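Chemist: Structure for this input, please:
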Amino acid sequence: MKKIVALAMALLVLTPALVFSTLPVLAADVTGWGDDASGGNHDAVGAAVGLGSTDPRAIAASVINVILGFLGIIAVVIILLGGFKWMTGGGNEDKVGEAKKLITAGVIGLVIILASWGIATFVINGLLTATGTPAT
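Modeler: Residues are numbered from 1 along each chain as shown. Here you go, the predicted structure:
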């Protein structure tokens, strides 16, 4: 049994090494980016791979806006859930207290999200202005 386990472990370790040992043969320069007379064409490689030409800072700003927008929707849903619990509480002090806590937590979360959006927008616009790129 020990020999079988040792053989399986050896195959597990050696198989990737044997499979990937052929990669240098497969890595032929078909893009014109190598050491040929054309000098390489970086734009053609980017287009072939599917890379965009959008500024990374603008992409980061878009990602931050989407994430903060999603968090804002969650905060509003929490506030609405608190209002629903308050309305369906029927005057029960425990349910009303729980609803007030939910509404308070939602409002605090919404304030934090709006403040972080403002700070992120200010920082990103400052970076874009400092680097000579027009702010979005």
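Chemist: Regarding this structure, what is its longest helix?
Modeler: Assignment by DSSP state H gives helix 93-130 as the longest helix of the chain.
Chemist: gap between that one and the chain center?
Modeler: Helix 93-130 sits 20 Å away from the centroid of its parent chain (CA atoms, centre = their mean, to the nearest Å).
Chemist: any idea of the mean pLDDT in that helix?
Modeler: Mean pLDDT, helix 93-130: 92.
Chemist: Tell me, how many residues neighbour Ala58?
Modeler: As a burial measure, Ala58 scores 14 neighbours (other CB atoms under 10 Å). For every residue, glycine as well, the C-beta is placed using N, CA and C.
Chemist: Could you tell me the per-residue confidence at it?
Modeler: You'll see Ala58 listed with a pLDDT of 79.
Chemist: in the helix or strand hosting it, what's buried?
Modeler: Using DSSP states H and E, the element containing Ala58 is helix 56-88. By 16 or more other CB atoms under 10 Å, the buried positions in helix 56-88 come out as Ala61, Ile64, Leu68, Leu71, Ala75, Ile78, Ile79, Gly82, Lys85, Trp86.
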